[in-house]
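Enquirer: I'll drop the sequence and a predicted model, then ask my questions.
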Amino acid sequence: HSFPTRRSSDLIHFTTLQQTSLTLSSQGTTAAPYVLAPGRYGALTLNNSTVSYSGGVTVDSLSLTNSNLNVSPGALGTPGNLSVAYGDLGLNGSQVTVNGSLNLSANLNLTTSTMSVTDTSSIAGNVSMDNSTLTLKKAMQVTGNVTLQNQSILTHFAATTTDTSMLDITSASMNIDATSKIDVSGKGNLGGYQKGDSSLSYRYYTDCYGQPYSPAAGENSVNTGRTLGNTTTGGSSSTNGGSYGGTGGFSSGNSNVSYGDPANPNELGSGGGGYEDVMFTGNCNVDYYHSGGNGGGLIRMVTGSLTNNGIIAADGMSADAGGGSGGGIRIDASSIFGTGTISAKGGTSTGGFWLGAGGGGGGGRVAVYYSSMTLPVAKISAFGGSGNLNGSAGTVSLKDTAKSKPDLIINNGGLVGNSKTQIAGGDFASIDISGGSDISGNYTSGLDTIFINTQLSVNEVLNLSRNLTITNSILVFPNGITVPGNLSITSSTV
């Protein structure tokens, strides 16, 4: 046999890129962290270490035990991204701060740990949280399932005077146990004399001792709460509650106007007004600064299956002065199970030293889209907050995807607001109103309409298709009303 002559051009060369694996044990301190050299790593393992890296890092897999890792932008503006190319990212008793995006090809496992990400997150596997906290700023896409257990918390960053965040998460399924929560309460627009990363109550300054008012770092240093667009323009002043879906309780001054779409909550709640109180003590003046509560944050969730046995909340912050309004929650899920709660309630005005209670925050907005739901409707709320002047109810919109129209619920949990919920009108399958609403615009109800404990004036048109039930209510219909089905009136004035 004869064989052809082998030429060098016929040869195929294979090059295997071997990444450097690295294990760090007992390296670095908080004051002097171990600085990880630039480069591409294989398996990176941190034990009892504090490590920093500038300009982003990519590893094959990453495991931390009792360690801290801070990934920050580079000196030339290179994003502080963290990418895990093949294996899992696992934290046990550890803390990771990513000042950029997070990109994982497999799973994220958090056990007794905290993690924060300031840009988008993409997880190709599952997210498992056990006694841990995950704080996000922008959207997170999870190909697999998200599980929260053992007092875990999923949240977003608190608002500041210049910046806001939201919790926008997409996953195959979401499972929240009875001890855990998705909670963005008090992380919306700032109240008067309030900050976002920790709550302030009241402080005082004595003029004769040369102690002028000195705002805390990051404080909204005026008495007006911040509102839609992260501005004080049009915000709630004095001790008035913040407004979003419902109007904050108010007396003198203003509560901000309500805003947003009941069917598509996409805004943060508004802050309550703060208050300056001057006390005269001999030759000295003592100025007390009472803080308003922050509004609730914003949750946007898309998932195949939601099992909620814990808490999903975007409640307003309670405060000495005006309570913050509830925030926004929109959930899109094929199926919803569990016995937990979903709430966007207004914050309470508690009153403080030398100050009586002011206005409670108005309720926020909740919209839930589903194909099947066994979670009780009574577990979903947007109550106004209590105070000397109660906030009014926010809105709850429930939409079965098999139906053409949503159900509208306005329920203030038994509180009588000193202002009324402003609704622009709409076309609903059913309308269930409890606790005081002022409806303007034209309304159509395709199913039964129910009013319980309601003070209501319908100044335009309310089109009914079936039965009308009125209980313990005072209703005014200047243009009359036609009931095609049965009319039931109990202990009411119409």
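Expert: In hand now; what should we look at?
Enquirer: What helix or strand is Asp287 located in?
Expert: Following DSSP states H and E, one finds Asp287 within strand 284-290.
Enquirer: For that strand, which residues meet the burial criterion?
Expert: Neighbour counts over strand 284-290 (16 or more other C-beta atoms under 10 Å) mark 286-290 as buried. From N, CA and C alone the C-beta is placed, and that goes for glycine too.
Enquirer: Pairing partners for that strand, with directions?
Expert: strand 202-206 (antiparallel), strand 275-281 (antiparallel) (DSSP bridges).
Enquirer: got the buried residues for the next helix or strand after it?
Expert: Counting by DSSP H and E, the next helix or strand C-terminal to strand 284-290 is strand 298-308. The neighbour-count check on strand 298-308 (16+ other C-beta under 10 Å) flags 298-303, 305-308 as buried.
Enquirer: pLDDT of strand 298-308, averaged?
Expert: Across strand 298-308, the average pLDDT comes to 98.
Enquirer: got a list of contacts for that strand?
Expert: For strand 298-308, the external contacting residues (C-beta atoms under 8 Å, 6 or more residues apart in numbering) are 146, 156, 166-176, 182, 184, 188, 265-268, 312, 314, 327-338, 340-342, 375.
Enquirer: switch to 6 Å and redo it
Expert: If you take C-beta atoms under 6 Å, 6 or more residues apart in numbering as the criterion, strand 298-308 is touched by 166-176, 184, 268, 314, 327-338, 340.
Enquirer: What strands line up against it, and which way round?
Expert: Partners of strand 298-308, by DSSP bridges, with direction: strand 167-176 (parallel), strand 328-337 (parallel).
Enquirer: circling back to that earlier point, pLDDT and distance to Ala424 added to the buried residues of strand 284-290, as a markdown table?
Expert: Listed next are the buried residues of strand 284-290 as a markdown table, based on pLDDT from 0 to 100; distance: C-beta to C-beta, whole Å:
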| residue | pLDDT | distance to Ala424 |
| --- | --- | --- |
| Val286 | 75 | 46 |
| Asp287 | 76 | 41 |
| Tyr288 | 78 | 39 |
| Tyr289 | 83 | 36 |
| His290 | 87 | 33 |
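Enquirer: Tell me how many other residues crowd Ser473.
Expert: 23 (other C-beta atoms under 10 Å).
Enquirer: Kindly report the same for Gly218.
Expert: 17.
Enquirer: in stretch 337-356, what counts as buried?
Expert: 337-338, 340-352, 355.
Enquirer: Phi, psi for Lys379 please.
Expert: Phi and psi for Lys379, reported as degrees, to the nearest 10, are phi -90, psi 0.
Enquirer: List the contacts of it.
Expert: Thr341.
Enquirer: and stretch 394-409, how far out from the chain's middle?
Expert: 21 Å (C-alpha atoms, centre = their mean, to the nearest Å).
Enquirer: how about it: buried residues?
Expert: Buried, per 16+ other C-beta under 10 Å, within stretch 394-409: 394-400, 405-409.
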